[in-house]
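J.: coords please:
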Amino acid sequence: MTSKQLHVTMISSPGIGHILPVLLLAHRLATRHNLRVTVLPVITTDGSPAVSQLLTSFTTTTKNLSIIQIPAADISAILPPEAKVVTHLCVMMRETIPAIRTAISTINPRPDVLIGDIFSTESWVVAEELSIPKYVFVTSNAWFTALFAYSPVLDKQVSGQYVDQKMLLDIPGCKPVSPDDVIDPMLDREDETYKVYLNQAIGVTLSDGVLINTWEDLEPRSLDALRNNEILQSVLKNKPVYTVGPIHKRYEPDVLKNDIIEWLDKQPEQSVVYVSFGSGGTISVEQTEELAWGLELSRQRFIWVVRPPTGKHSDGSFLRASESSHGLYAYLPEGFLARTVEVGFVVPSWGPQVEILNHISVGGFFTHCGWNSTLESVTSGIPMISWPLYAEQKMNATMLADELKVAVKPKVWPTRKVVGRDEVARMVTGLVAGEVGKEMKVKVKRLKEDAQKALCENGSSYISICKFVEDCWSRI
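T.: Prediction:
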């Protein structure tokens with residue numbers, strides 16, 4: 001083998017939920033597999049300050065890793081402001097291709113391999129111009145990947161709206177998907193977003209291989225189907241599937257404690273439920289009130305990261321910087337803060353999630369089930385309350401609650417109806433102080449151990465990345 005260092009260029013769409021796993025995978029490729037990696041994150045003008053801090057920290061600390069920020073194209077004249085997030089991201093990434101092409105042309109030495117997230121597949125044209133292999137990095141799990149890749153086939157097989165189907169949606173070799181759990185772009189087949197989603201799925205199948213943020217022991221059935229089921233392999237055109245997960249932010253104790261950690265230090269072990277809906281998730285005014293009452297009625301300790309409620313979209317903060325918390329507490333029930341002062345800690349907009357989840361006082365996570373947050377919870381050994389809001393989160397929530405049994409879920413998803421305070425209180429109490437919570441803690445700690453093994457040298461994900469690197473060498 002040549003002594004030349006393999007050079008990988010990675011493209012990420014906007015939003016910390018996409019940029020973070022791309023950067024973390026880039027860091028692993030650079031530090032553990034000795035690859036030269038250039039990351040091209042597409043950045044919006046109103047992006048979160050957390051993204052800027054994140055990019056700075058990676059640039060200054062990692063050898064073999066460089067970052068070239070790409071300003072997102074202005075699509076205000078192409079799409080109306082009310083366009084859904086998936087359409088927004090896909091169109092933005094398509095219009096940003098000239099800037100991506102220009103940035104790649106300045107990289108020296110030129111890249112040997114291109115990796116893009118699922119919103120970056122239209123940049124395959126740049127890889128083809130350079131005659132280099134192109135791989136897609138799915139920042140979610142294998143079950144979602146199977147549904148995603150198979151969606152153009154389902155589109156021909158199923159009549160009417162998916163959500164109106166009486167039967168489960170069959171994915172060859174995988175657990176079927178309930179019509180209640182379909183991902184957001186599949187909710188309305190008449191909407192423009194659905195057409196964008198199908199084109200996006202086709203783009204994934206045109207890659208030279210698929211990297212998935214999961215590990216072998218977590219999803220053996222779905223991974224086997226992606227690799228060995230004749231129908232799915234035909235859809236993927238017999239492309240290899242690599243497990244590279246868990247790609248997640250690692251816990252690194254901070255000597256300088258903030259107010260949240262100082263408060264946690266005073267609480268009993270595994271007594272606190274942490275409530276947060278990710279960087280983009282928002283809930284309605286009515287649901288905010290019911291959630292507050294539920295936390296109070298549970299009489300359990302809690303940390304709640306609160307954002308200003310929204311009326312219509314549950315992904316209302318996804319592509320926007322956090323709104324001001326001015327007047328935020330007006331949305332909480334009158335007297336709530338005073339009544340819960342001994343047991344609760346309310347945080348506006350953001351909290352150090354990985355540090356919180358790894359604190360000895362935390363016993364549960366009330367989460368939107370974004371895959372990044374899910375992995376952070378599992379690798380911290382923390383059971384969950386599933387509260388999916390958008391994207392593929394309902395599928396994640398179902399996997400966690402019904403298959404892995406490390407989460408509880410409400411009777412009806414919060415995207416369908418407001419979940420009442422009594423049900424919130426029941427779930428929180430059961431998670432922190434009930435028998436179900438104890439059983440889930442045992443199961444999630446086993447998953448944590450499995451995840452750690454996958455990342456070790458000779459672990460399944462380490463070996464899979466080595467195979468990916470070997471395959472890349474064979475193609476150049």
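
J.: Quick check: closest non-adjacent residue to Arg101.
T.: Once flanking residues are discounted, Arg101 sits nearest to Val126: 5.1 Å by CB to CB, 6 or more residues apart in numbering. Bear in mind the C-beta positions are built from the backbone N, C-alpha and C, glycine included.

J.: What strand or helix carries that neighbour?
T.: Using DSSP states H and E, Val126 sits in helix 124-130.

J.: Check which strands are paired with the helix or strand following that helix and give the direction for each one.
T.: Once the chain leaves helix 124-130, the next helix or strand it forms, by DSSP H and E, is strand 134-138. If you go by DSSP bridges, strand 134-138 pairs up with strand 113-117 (parallel), strand 210-212 (parallel).

J.: Rounded mean pLDDT for strand 134-138, please.
T.: Average pLDDT, strand 134-138: 98.

J.: contacting residues around it?
T.: 10, 21-22, 25, 113-118, 120-121, 124, 127-128, 144-145, 148, 203-204, 207-213, 244, 468 (CB atoms under 8 Å, 6 or more residues apart in numbering).

J.: Any buried residues in the helix or strand following it, and which?
T.: Proceeding N to C from strand 134-138, the next assigned helix or strand is helix 142-157, under DSSP H and E. Neighbour-count burial for helix 142-157 flags 142-151, 153-155 (criterion: 16 or more other CB atoms under 10 Å).

J.: Which two of these have the greatest separation?
T.: Maximum pairwise distance among these (CB to CB): 20.9 Å, between Ala142 and Asp155.

J.: any weak-confidence spans in the protein?
T.: Along the chain, segments meeting pLDDT under 70 span 1-3, 46-49, 59-61, 255-256, 310-328.

J.: Identify, by residue count, the longest strand of this protein.
T.: Secondary structure of the chain per DSSP state E: the longest strand is strand 36-43.

J.: can you list the domain ranges for this structure.
T.: Here the domain assignment for the chain is 7-249+453-475, 259-451, based on automatic domain parsing.

J.: I'd guessed Gly171 sits against Leu147; true?
T.: No Gly there; residue 171 is Ile. Yes: look at Ile171 against Leu147 with CB atoms under 8 Å: they come within range, at 5.6 Å.

J.: hey, what's Val305 bridged with?
T.: Bridge pairing for Val305 - DSSP bridges - gives Val347.

J.: what does Thr367 give?
T.: Under the criterion DSSP bridges, Thr367 forms beta bridges with Ser276, Ser386.

J.: wait, doesn't it sit right on Ile382?
T.: No: using CB under 8 Å as the test, Thr367 is too far from Ile382 to be in contact (9.3 Å).

J.: okay, those two: which has more neighbours?
T.: Thr367 (30 against 27; other CB atoms under 10 Å).

J.: how about that one, what does it touch?
T.: 276-278, 373-374, 377, 384-387.

J.: ok, those vs Val428, which is closest?
T.: Ile385 (6.9 Å).

J.: In contact with the closest one, which residues?
T.: Counting by CB under 8 Å, 6+ apart, Ile385 makes contact with 273, 364-367, 407-409, 427-428, 431.

J.: buried residues in stretch 80-89?
T.: Buried residues in stretch 80-89, defined by neighbour count with 16+ other CB under 10 Å: 83-89.

J.: Which of the residues you listed fall within helices?
T.: 85-89 (DSSP state H).

J.: quick one, helices of the stretch 151-300 of the chain?
T.: Listed in chain order, the helices of the stretch 151-300 of the chain (DSSP state H, counting those that start in this stretch) span 192-205, 220-228, 230-235, 259-265, 285-298.

J.: among these, which is nearest Leu400?
T.: The nearest among the helices of the stretch 151-300 of the chain, by CB to CB, is helix 220-228 at 14.2 Å.

J.: Would you mind pulling the contact partners of that closest one?
T.: So helix 220-228 is contacted by 141-143, 145-146, 149, 171-175, 210, 212, 214, 216, 232-233, 236, 240-241, 243 (CB under 8 Å, 6+ apart).

J.: can you check stretch 198-210 too?
T.: The contact list for stretch 198-210 (CB under 8 Å, 6+ apart) reads 86, 90, 118-119, 121-122, 124, 133-136, 138, 145, 148-149, 151-152, 155, 226, 235-237, 239-242, 468, 471, 475.

J.: Can you select the buried ones from those residues in PyMOL?
T.: PyMOL command restricting the contacts of stretch 198-210 to the buried ones, with burial defined by 16+ other CB under 10 Å:
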select buried, resi 86+90+118+119+121+122+124+133+134+135+136+138+145+148+149+151+155+226+235+236+239+240+241+242+468+471
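
J.: circling back: looking at the ones in helices among the buried residues of stretch 80-89, which is nearest Ile303?
T.: Nearest to Ile303 among those: Val85, at 27.1 Å, using CB to CB.

J.: That closest one against Tyr390, yeah?
T.: Yes: at 7.5 Å, Val85 counts as touching Tyr390 under the criterion of CB under 8 Å.
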